[in-house]
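Colleague: With the input below, show me the fold.
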Amino acid sequence: MASAFETWASLNQDVLGRIFRSLPTLTDRVYASAVCKHWRFVAVQTENQPAELPWLLMPSTGRTFHFRVFGGSTHQENSEHVPVGARFCGSFPGGWFVVQLHAPRGRYALLNVPSGNQIALPDNMEAPVRSNSGIQHSNLYPVLAIHAAVLSAAPTPDGAYIVAALTSGKTNVAFWRPGMAHWSPPLHTEVGRRASWADEMIPTATEDGFMEDVVHYRRGDFECFYVLTSTEFVYNYEPVITEDGALTMRRTCTAPTARMFRGVGGAGAGSIARYLVVSGKDLLIVRRFASLPVAPNVIRLHVVRLQDRQGARYTLNCWDMPPGQLLFLGRGCSRAYTTGVYTKPGGYIYFLNAEKFPGSTTIGYHCSDTGRCDYRRLELEIQRVLPRGPASNCSPWIWFFH
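Modeller: Numbers count the residues shown, from 1 in each chain. Got it, this is the predicted structure:
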């Protein structure tokens with residue numbers, strides 16, 4: 001007669017998969033996957049189903065690894081399509097990345113890691129020259145560096161997608177879609193006003209702070225790109241294709257009417273990073289603060305939701321994290337997931353190193369300040385469940401939506 005352990009160890013894979021999917025937390029799943037080899041195998045198979053969580057890609061000029069959040073295991077990235085020494089600037093579901101090939105001086109491209117498909121991105125930006133008589137010609141300006149980039153959709157043969165990037169160079173925001181020979185600044189939708197793009201359409205470092213993050217947002221027929229600055233202004237760029245085929249933007253600049261952050265009011269001195277996250281219909285701003293020397297393993301994260309637009313302003317309300325919510329933070333790669341059922345609001349927030357955007361020749365990236373926190377708790381103690389090294393010599397770590 002089989003023992004009780006043998007009976008559980010040989011539980012039907014479909015039944016066991018349903019059990020794993022019903023577990024409310026990643027911690028429960030990790031513990032369950034450690035029961036035996038069969039349970040661990042089923043746990044990995046369950047993770048690789050459509051509602052899978054991201055992996056953590058750790059690029060290097062040597063061997064590139066990925067870390068599986070669910071299961072807590074590190075694997076060498078076996079794909080031959082990961083370029084050696086590439087810098088990763090953004091990611092999108094389906095295994096798509098915006099990469100700089102052979103950083104820090106290489107060209108930029110869209111890369112699909114599973115298939116190896118590459119789509120070249122331009123090196124220059126084309127912008128109109130302003131004159132009293134109207135637009136007479138355009139100039140080309142080099143794109144010195146792409147810091148973070150997002151896609152509106154996965155690349156398709158019909159070219160129905162747009163790339164938005166935070167850049168260094170003539171402008172700090174640029175857009176591109178298939179068929180364009182160069183990046184474009186956010187031009188006005190009104191053709192006659194395109195010459196004033198530099199004055200009206202671009203956030204300036206002196207007035208609006210530096211660029212922190214960019215995200216694509218879609219709700220029904222409405223879609224736009226949101227850009228967040230260090231002074232917490234939010235720029236909304238809604239793409240419009242004109243009759244002559246030009247990619248133009250309908251832009252609004254919004255300033256929050258209240259900064260009601262969890263536990264702290266005001267602009268928040270000491271914050272080291274800000275992120276934009278789309279969670280269902282909500283657009284979230286997440287502000288991360290530096291840990292105090294007396295409490296290095298306690299983190300402060302303030303999450304707020306933009307809502308109730310009032311003219312050119314939004315109201316920021318403290319966000320009650322829904323039950324079972326998971327947030328994965330990273331510039332150009334933040335995502336929200338809902339998994340399982342909790343008995344009270346809250347969930348986990350996973351974060352990566354929060355360094356400022358590197359220069360165009362940066363070759364070293366610290367990757368040790370990683371982890372997660374339980375947003376259901378008042379004190380957000382850092383749980384070191386992600387790798388903390390080694391440091392990368394070519395790229396920051398990035399979430400891999402495989």
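Colleague: bridging residues for the closest residue to residue 180 other than its chain neighbours?
Modeller: In space, and not counting its chain neighbours, residue 180 is closest to residue 247: 6.7 Å by C-beta to C-beta, 6 or more residues apart in numbering. All C-beta atoms are positioned from the backbone trio N, CA, C, and that covers glycine. Beta-bridge pairing for residue 247 (DSSP bridges): residue 241.
Colleague: isn't residue 247 right next to residue 162, touching?
Modeller: Yes: using C-beta atoms under 8 Å, residue 247 is in contact with residue 162, at 7.2 Å.
Colleague: For those two, work out which one has more neighbours and name it.
Modeller: residue 162 (21 against 18; other C-beta atoms under 10 Å).
Colleague: what about the more buried one, distance to residue 184?
Modeller: Separation of residue 162 from residue 184 (C-beta to C-beta, to the nearest Å): 10 Å.
Colleague: where do the contact lists of these two overlap?
Modeller: 175-176, 247 (C-beta atoms under 8 Å, 6 or more residues apart in numbering).
Colleague: Distance to residue 238 and pLDDT for those residues - can I get that in a markdown table?
Modeller: Formatted as a markdown table, the shared contacts of residue 162 and residue 184 follow (distance: C-beta to C-beta, whole Å; pLDDT from 0 to 100):
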| residue | distance to residue 238 | pLDDT |
| --- | --- | --- |
| 175 | 11 | 93 |
| 176 | 16 | 94 |
| 247 | 12 | 81 |
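Colleague: Let me know the closest of those residues to residue 123.
Modeller: Distance ranking of the shared contacts of residue 162 and residue 184 against residue 123, using C-beta to C-beta, places residue 176 first at 11.3 Å.
Colleague: I figured that closest one hits residue 159, correct?
Modeller: No: Residue 176 lies out of contact with residue 159 (C-beta under 8 Å); the separation is 10.8 Å.
Colleague: Any chance of the backbone angles for residue 19?
Modeller: Backbone torsions of residue 19, given as degrees, to the nearest 10, read phi -70, psi -50.
Colleague: Once you drop chain neighbours, what's closest to it?
Modeller: Residue 19 sits nearest to residue 32 (C-beta to C-beta, 6+ apart), 7.7 Å away.
Colleague: Need the CA coordinates for stretch 243-250. CSV is fine.
Modeller: Presented in CSV, the C-alpha positions along stretch 243-250 are these (Å, rounded to 0.1, in the frame of the first residue of the first chain):
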residue,chain,number,x,y,z
GLU,A,243,-3.4,62.9,-43.8
ASP,A,244,0.2,63.3,-45.0
GLY,A,245,1.3,60.3,-42.9
ALA,A,246,3.2,62.4,-40.2
LEU,A,247,3.2,61.1,-36.7
THR,A,248,2.0,64.0,-34.5
MET,A,249,0.9,64.3,-31.0
ARG,A,250,-2.0,65.8,-29.1
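Colleague: just so I have it, where are all the helices in the protein?
Modeller: Secondary structure of the chain (DSSP state H): helices located at 4-9, 13-22, 26-33, 37-47, 197-200, 205-208.
Colleague: Residue ranges in the stretch 101-250 of the chain under the pLDDT threshold?
Modeller: For the stretch 101-250 of the chain, the stretches with pLDDT under 70 are 104, 129-136, 188-209, 245.
Colleague: if we go to 90?
Modeller: For the stretch 101-250 of the chain, applying pLDDT under 90 flags the ranges 102-106, 114, 125-145, 158-159, 168-173, 179, 184-211, 219-222, 229-236, 239-250.
Colleague: Neighbour count for residue 176 and residue 159, which is higher?
Modeller: residue 176 (23 against 12).
Colleague: Out of the helices of the chain, which gets the lowest mean score?
Modeller: Among those, helix 197-200 carries the lowest mean pLDDT, a mean of 50.
Colleague: Tell me who's in contact with the nearest residue to residue 178 once chain neighbours are set aside.
Modeller: Spatial nearest neighbour of residue 178, excluding adjacent residues (C-beta to C-beta, 6+ apart): residue 159 at 3.2 Å. Residues counted as contacts of residue 159 (C-beta under 8 Å, 6+ apart) are 177-179.
Colleague: what do you get if the cut-off is 10 Å, keeping everything else the same?
Modeller: For residue 159, the contact set (C-beta atoms under 10 Å, 6 or more residues apart in numbering) comprises 119, 177-180.
Colleague: All good on my end, thank you.
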